[in-house]
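> Quick one, structure for this:
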Amino acid sequence: MEKILIRSAAAKRETSSQFYHFLPLLSALFCLAVDRLLPMHDDIMVKNKGYFHIFMIFSCAVLLVLVLYAMISPDFAKKFRYRAAFIAVAFLLLNLYNLVTEKLLLLPQLYFPFPDKILNVFIGEHRVLLKCLLHSTRLQFIGLAFGVVSGFLTGLLIGWSKKAHYWINPLVKLMGPIPSTAWIPITLVAFPTTFGASVFLVALSVWFPVTVQTSSGIQNAEKAYFEVASTLGASTRYQIAHVAVPAALPSIFLGLFSGVCSSFITLMTAEMLGVKYGIGWYVNWQREIMSYANVYAGLIIVALFCYLFITLLFKFRSRWLAWQKGVIQW
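Below you'll find the model as predicted:
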């Protein structure tokens, strides 16, 4: 009897887990049905080009493939089941936005364009958007490189040298908390080009958190490591490169994550200084001409760019600090 009850409970759990696999697909199909069956509001003069409908068909096809693959791969099924509820709710929110904008017109259409109009921007202006994305990527990586290198070196000096800590640390505490965008009037005068000023602002937003976390990580490293290295005859350079920096890597990555998030915020502001092209420049330009569908498209690109960059950074951190898995919960 007990074995029968155990098998029955296991069968119920298996059925419940399989149902979770279908949640995103059901949510997407519901969104597709609403977009297909309900007509556009009569007061909307813009033509629906069907891009949102095609997007939902493609989404349903992809989700169907994922569900079928989850049935034959237990490892993928576990990961997909964990994300299923989130994906389903995301499609429900997209369906709700489509309802209140295109179908019912409960929101002002000037400021809240319906999904098909936003997708039309990606199709019609893909060349401009791609060019702006490339300019933003170049500016972001140059500023990020300067900020990470300068922040790492400054933090290393403060954390290792008592003299550097005495002279530099008060300056870091004084300048660091000032928002990087507050330096805009000075950078416009100090730098010959707006591109150089923008790079400086992005670098400055990364420099402070990387400096603080690097110095903190080095100062909090186990003193026994340095004593052992010194006893074995290790030089100062060796202790820094093979003891201090590896011990501080978790803190350095924390500062890097914080700096990257700050740099994306600063990037959007920096590109409004007069830089030619860039996603921030594009969003500001479209806002001025009241083209909010283009504004939403630019914001979506920024969100996806930031998400992909942070995800890659997490992958790199997981590979670089693989020895910490099980010790620190990420």
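> burial of the nearest residue to residue 52 once chain neighbours are set aside, as a residue count?
Excluding its sequence neighbours, the residue lying closest to residue 52 (Cβ to Cβ, 6 or more residues apart in numbering) is residue 116, at 4.0 Å. Using the backbone N, CA and C atoms, a C-beta is placed for each residue, glycine as well. By the other Cβ atoms under 10 Å criterion, the neighbourhood of residue 116 contains 23 residues.
> Please verify my assumption that residue 116 contacts residue 47.
No. Residue 116 is not in contact with residue 47 according to Cβ atoms under 8 Å; the separation is 9.1 Å.
> picking up where we left off before, output the contacting helices and strands for the helix or strand hosting the residue nearest to residue 52.
Remark: residue 116 resides in helix 115-124, with elements defined by DSSP states H and E. Judged by 3 or more Cβ pairs under 8 Å, 6 or more residues apart in numbering; DSSP states H and E, helix 115-124 is in contact with helix 51-72, helix 74-98, helix 292-320.
> let's go with 10 Å and repeat that
Judged by 3 or more Cβ pairs under 10 Å, 6 or more residues apart in numbering; DSSP states H and E, helix 115-124 is in contact with helix 2-37, helix 51-72, helix 74-98, helix 126-160, helix 292-320.
> pLDDT on the longest one, on average?
For helix 2-37, mean pLDDT rounds to 71.
> residues touching residue 87, list them.
23-25, 27-28, 59, 63, 66, 80 (Cβ atoms under 10 Å, 6 or more residues apart in numbering).
> Pretty sure residue 34 sits against residue 95.
Yes. Using Cβ atoms under 10 Å, residue 34 is in contact with residue 95, at 5.7 Å.
> what's the offset of stretch 303-318 from the middle of its chain?
Distance of stretch 303-318 from the chain centroid (Cα atoms, centre = their mean, to the nearest Å) equals 6 Å.
> Quick check: buried residues in that stretch?
Within stretch 303-318, the residues scored as buried using 16 or more other Cβ atoms under 10 Å are 305-306, 309, 317.
> Could you do stretch 190-198 as well?
191, 194-195, 197-198.
> Quick one: end-to-end distance for that stretch.
With Cα to Cα, to the nearest Å as the measure, stretch 190-198 spans 12 Å from end to end.
> Give me the mean pLDDT for that stretch.
Taken as a whole, stretch 190-198 has an average pLDDT of 84.
> and that stretch, how far from the chain's centre?
Remark: stretch 190-198 is offset 26 Å from the chain centroid, using Cα atoms, centre = their mean.
> contact partners of that stretch?
Residues contacting stretch 190-198 (Cβ under 10 Å, 6+ apart): 135, 138-140, 142-143, 183-184, 186-189, 199-201, 266-267, 269-276, 278, 280.
> Could you do stretch 305-325 as well?
The contact list for stretch 305-325 (Cβ under 10 Å, 6+ apart) reads 133, 136-137, 140-141, 144, 246, 249-250, 252-254, 256-257, 260-261, 263-265, 267, 279, 327-328, 330.
> Next secondary structure after the host helix or strand of residue 163?
For residue 163, the host element (DSSP H and E) is helix 162-175. Next helix or strand after helix 162-175 toward the C-terminus (DSSP H and E): helix 184-190.
> Where does the prediction get shaky in the stretch 1-150 of the chain?
1-18 (pLDDT under 70).
> now with 90?
Along the stretch 1-150 of the chain, the model assigns pLDDT under 90 to residues 1-22, 41-50, 70-83, 109-110, 124.
> on that earlier part again, are any of the contacts of stretch 190-198 buried, and if so which?
135, 139-140, 142-143, 183-184, 187, 199-201, 266-267, 269-273, 275, 278, 280.
> which ones are touching residue 235?
Residues near residue 235 by Cβ under 10 Å, 6+ apart: 229, 241.
> any idea how far the closest residue to residue 142 other than its chain neighbours is from residue 271?
Computed as Cβ to Cβ, 6+ apart, the closest residue to residue 142 that is not its neighbour in sequence is residue 199, at 5.2 Å. Counting by Cβ to Cβ, to the nearest Å, the gap from residue 199 to residue 271 is 11 Å.
> likewise residue 100?
Distance of residue 100 to residue 271, given as Cβ to Cβ: 31 Å.
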